[in-house]
Structure formats: C-alpha cells, structure tokens
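[1] with the sequence up front, the predicted model follows.
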Amino acid sequence: MFFFYSSFAESKIIIVEESAAIFEAHIITALNSKCEHLILIGDHVQLKPNPTVYHLAKKYHLDISLFERLIRNKLPNVRLNIQVNI
C-alpha cells in the first residue's frame, strides 16, 4: 500500500528503484513541482513493465519504461561494471 505524505510532495530528489519495471505514467505522477533530481535505478535489459492488456501495450508502447526510453534516446547515464553480492 502506498501512503502519500505531504513531505513527499515537496521532495527535491525522487529515487525510483527497479525503475525499468515501472510504468512510465507511474513515475511521471510521482514528480512534483519542487523536484530537481530524478534518480532511476534498475536494469533496463532484465526487467520491463508488465501491462495486462497485450494489444494496448503494443499499440501505445506500454511495455517500454521511462528508464529504457531515456537510455535508448542516449540520455547520459551511469552503469555498474561489476556487481558484488554479499
């Protein structure tokens, strides 16, 4: 369950984990007028959003996350070269 706190509405930094698996609209609606930095974390190759209506997903490209769309359009990004599991 998601609780909307008034302090969240004033956040200057918004961090989205597993952003490659989240619908673009969900990320956009989390943005606010005070947001200065949006940090998207995830693996755009491994996970994708999972729309329930296949026809709509293909017609409106709902199976592509904002994260993947930004990377495809060559927005500057940083990737890990090595990930260590502890």
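    Happy to help now that I have it.

[2] list the buried residues in the host helix or strand of residue 26.
    Element membership for residue 26 (DSSP states H and E) is helix 24-30. Neighbour-count burial for helix 24-30, counted by 16 or more other CB atoms under 10 Å, picks out 24, 27, 30. Using the backbone N, CA and C atoms, a C-beta is placed for each residue, glycine as well.

[3] and the helices in the protein?
    24-30, 54-60, 66-72 (DSSP state H).

[4] can you list these in a markdown table and add mean pLDDT and distance to residue 84?
    Compiled in a markdown table, these are given as follows (pLDDT from 0 to 100; distance: least, CB to CB, whole Å):
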| stretch | mean pLDDT | distance to residue 84 |
| --- | --- | --- |
| helix 24-30 | 88 | 28 |
| helix 54-60 | 91 | 35 |
| helix 66-72 | 90 | 23 |
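
[5] lowest average confidence, helix or strand, in the protein?
    In the chain, no helix or strand scores lower on mean pLDDT, DSSP states H and E than helix 24-30, which sits at a mean of 88.

[6] what does that helix rub up against?
    For helix 24-30, the surrounding residues in contact (CB atoms under 8 Å, 6 or more residues apart in numbering) are 14, 16, 19, 38, 40, 49, 62, 64, 65, 66, 69.

[7] so which pair among these is furthest apart in space?
    Maximum pairwise distance among these (CB to CB): 21.4 Å, between 14 and 62.

[8] where does residue 9 land on pLDDT?
    pLDDT recorded at residue 9 is 67.

[9] do residue 48 as well
    For residue 48, the pLDDT comes out at 84.

[10] that one: how many residues sit nearby?
    16 (other CB atoms under 10 Å).

[11] give the contact list for it.
    20, 21, 63, 64, 65, 68.
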